[in-house]
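Asker: give me coordinates for this.
(one chain, ligands or ions: 1)
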Amino acid sequence: MTKEEWNSLGFAYTRTPYRFVARWADGKWEEGKLTESAEIVLNESAGVLQYAQTCFEGMKAYTAKDGRIVCFRPDLNAERMADSARALAMPAYPEDKFLDAVKQVIAANREFVPPYGTDAALYLRPAMFATGAVLGVKPATEYEFRIFASPVGAYFKGGVRALSLCVSDFDRAAPHGTGNVKAGLNYAMSMRAGAEAHARGFDENLYLDAATRTYVEETGGANFLFVTRDKKLVTPKSATILPSVTRRSLEYVAEHYLHIPAEERPVPFAEVPSFAECGLCGTAAVISPVGKIDDHGKEIVFSDGNPGQVLMKLRETLVGIQHGEIPAPEGWLFYVD
Ligand SMILES: *Cc1c(COP(=O)(O)O)cnc(C)c1O
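Answerer: Prediction:
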C-alpha cells in the first residue's frame, strides 16, 4: 500500500490473518496460540452474552524511525486488563503472557504494520469474555482471552480539528462502580448518550461525576486535559475515571520534556471556563483539541475554537517519542523484533 492508502484507512475492523487465543477452563489458562479463525462459536447462555462479563484493551503497533516495529507501553495495558478482569470477577490473564501474545500477533501480521512516515497503525484489540454458560447470576467458569489486529488510518485526516462537546445529562460511571476499568458495559451504556450528542451535532459528551454532578469526569472513551492561563497542565482526578495510558504519559512528558507543571486533581466543572486550553486524550488520537463545550445552551470556548498551542506542542512531543524521533523514557517503546 502507498502512504496515501495507509493514511486513508478509517477506524474500522479489517480482518487480518492471525489472532492469539487462550482459553480458561478447569481453573487455569491453557498455553494459547495463534489461529486464523476470526469467528467464535458460543453457547447461547455464555456469560458475555447474558451478563456482559467482558473487558478489553486497545493499543497501536507501528514502525519507528529506525525501521523497527514497536508498541507503546503495552505493559500498562497488560496491567490494566488484569485490573479490569478482577473487577468483573474474571481470571486475570498473566501480564508476561499478554506481552508475549502482543509480540506474536504483530509478528504474524507484520505485513499490516504501516511503514514509518504514515499516521496509520496496526491497532491491537485484546479482549476477554465469559464463554461458559450461566443462567443464575454468577461468574462463568470458562473464559477466552484473544488479541486480534486491524490496520487503522490517521485519526485526523487533513489535519487536527478542534472538537465540540456537550455536557451530558446521563452518567458514565457510578461511584464505586466500573468507571476505572475497561469494561464493555461502560461503553454499552454510553452509546445512547453518544448517539444523542451526535444527533445534536456534537462530537462527544462531557460526563460529570455521578454523585454530585459538579466535577469533570471524562468522555465516553477519552480523559480530559486542561491548560491553565499560566500554562500548567491540569487533569481531572477521580476514582471513576479510566486511567488512560496516554494521559499518564502526557503528564510525564509535560513535566520532564516541556517543563510544564502537571497537576492531577478534582476539577470542578465551574472552573472549566477559566482554562486556556482543553483537549481529550487516548490511544486513538493521542490528543484531540476541544474548541467548545456546550453546557445546556451556554457555550464555553477555548483558544477561539481552535487547537490550543500548549496541547499541540505536547501532542507533537509525545508522537515524536512514540516514533523514536525524540528519545523515549526507559521502557516506553516495546520492540517487537
Ligand atoms: C480506553 C479509554 C481511555 C483512553 O485510554 P488510553 O490508554 O490512553 O488509550 C479513556 N477513557 C476511557 C473510558 C477508555 O475506555
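
Asker: these two touch, right, Val253 and Val319?
Answerer: No: between Val253 and Val319 there is no contact under CB atoms under 8 Å: 10.3 Å. C-beta coordinates here come from the backbone N, C-alpha and C atoms, glycine included.

Asker: neighbour count winner among the two?
Answerer: For Val253 versus Val319, neighbours defined as other CB atoms under 10 Å are more numerous around Val253 (24 against 14).

Asker: and that one, what is it in contact with?
Answerer: By CB atoms under 8 Å, 6 or more residues apart in numbering, the contact set of Val253 is Leu314, Thr317, Leu318, Ile321.

Asker: check the third one and give its pLDDT.
Answerer: Here the pLDDT value assigned to Leu318 is 98.

Asker: go on, the first one?
Answerer: Among the per-residue scores, Leu314 holds a pLDDT of 98.

Asker: what about it, neighbour count?
Answerer: Count around Leu314 with other CB under 10 Å applied: 27.

Asker: try Glu5
Answerer: For Glu5, the tally of surrounding residues (other CB under 10 Å) stands at 12.

Asker: state the helix or strand in which it lies.
Answerer: For Glu5, the element it lies in under DSSP states H and E is helix 3-8.

Asker: list the contacts of that helix.
Answerer: By CB under 8 Å, 6+ apart, the residues outside helix 3-8 that reach it are Pro114, Pro115, Gly117, Thr118, Asp119, Ala120, Pro151, Gly153, Ala154, Lys157.

Asker: which of these lies closest to Arg19?
Answerer: Proximity of the contacts of helix 3-8 to Arg19 was ranked by CB to CB; the top entry is Pro151 with 13.9 Å.

Asker: how close does the spatially closest residue to that closest one that is not a sequence neighbour get to Thr235?
Answerer: Nearest-residue entry for Pro151: Phe112, 4.7 Å, with adjacent residues in sequence omitted and distances by CB to CB, 6 or more residues apart in numbering. Between Phe112 and Thr235 the distance is 33 Å, computed by CB to CB, to the nearest Å.

Asker: and Tyr207, by the same measure?
Answerer: Tyr207 is 15 Å from Thr235, where distance means CB to CB.

Asker: cool, Asp169 as well?
Answerer: Remark: distance between Asp169 and Thr235 (CB to CB) = 24 Å.

Asker: swap in Val272?
Answerer: Look at Val272 and Thr235: by CB to CB, they are 13 Å apart.

Asker: what residues does the residue in the stretch 1-150 of the chain positioned nearest to the ligand make contact with?
Answerer: Here the stretch 1-150 of the chain gets closest to the ligand at one residue, Gly58, 5.8 Å apart by CB to the nearest ligand atom. Contacts for Gly58 (CB under 8 Å, 6+ apart) come out as Asn77, Tyr123, Leu124, Arg125, Pro126, Thr283, Ala284.

Asker: with that, I have no additional questions.
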